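In: Sharing a sequence plus its predicted fold:
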Amino acid sequence: METIRLCLIAAALSGIIIWFFDHKANSGHFPPSFWISIREGLWWAIVTATTTG
């Protein structure tokens, strides 16, 4: 259970970091709302972590 929680936290932090660095340069790819953008960043982090490697 602790591993799943750690993975979700890491994915959320990755999503926030990606949003922070990329939303100004690619504003057309990110919704204007911070929370919606974070959700999309979280989705990106989870998909990236589970489909590569």
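Out: Right, received. Where do you want to start?
In: Buried residues of stretch 29-48, list them for me.
Out: Neighbour counts using 16 or more other C-beta atoms under 10 Å place 30, 37-38, 40-42, 44-46 of stretch 29-48 among the buried residues. Every C-beta, even on glycine, is put in place using the N, C-alpha and C of the backbone.
In: so where do the helices sit in the chain?
Out: Secondary structure of the chain, counting by DSSP state H: helices at 2-22, 34-51.
In: Mean pLDDT for those - can I get that in a markdown table?
Out: Below are the helices of the chain laid out as a markdown table (pLDDT from 0 to 100):
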| stretch | mean pLDDT |
| --- | --- |
| helix 2-22 | 83 |
| helix 34-51 | 79 |
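In: tell me, how many neighbours does the closest residue to Arg39 other than its chain neighbours end up with?
Out: Counting by C-beta to C-beta, 6 or more residues apart in numbering, Gly15 is the residue found nearest to Arg39 once chain neighbours are left out, at 7.9 Å. For Gly15, the count of nearby residues is 21 (other C-beta atoms under 10 Å).
In: if I look at Gly15, how far off is Pro31?
Out: According to C-beta to C-beta, to the nearest Å, Gly15 stands 13 Å off from Pro31.
In: Equivalent analysis for Phe20, please.
Out: Applying C-beta to C-beta, the value for Phe20 to Pro31 is 15 Å.
In: before we move on, what about Ser14?
Out: Distance, Ser14 to Pro31, using C-beta to C-beta: 18 Å.
In: How about Arg39?
Out: 9 Å.
In: Next: Ala11.
Out: Remark: distance between Ala11 and Pro31 (C-beta to C-beta) = 19 Å.
In: do the same with Gly41
Out: Per C-beta to C-beta, Gly41 is found 11 Å from Pro31.
In: residues contacting the residue nearest the centre of the chain?
Out: Most central in the chain under C-alpha atoms, centre = their mean is Gly15, positioned 1.9 Å from the mean C-alpha point. Residues near Gly15 by C-beta atoms under 8 Å, 6 or more residues apart in numbering: 38-45.
In: now those residues in a markdown table, with distance to Arg5?
Out: Listed next are these as a markdown table, based on distance: C-beta to C-beta, whole Å:
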| residue | distance to Arg5 |
| --- | --- |
| Ile38 | 18 |
| Arg39 | 18 |
| Glu40 | 21 |
| Gly41 | 18 |
| Leu42 | 14 |
| Trp43 | 18 |
| Trp44 | 20 |
| Ala45 | 15 |
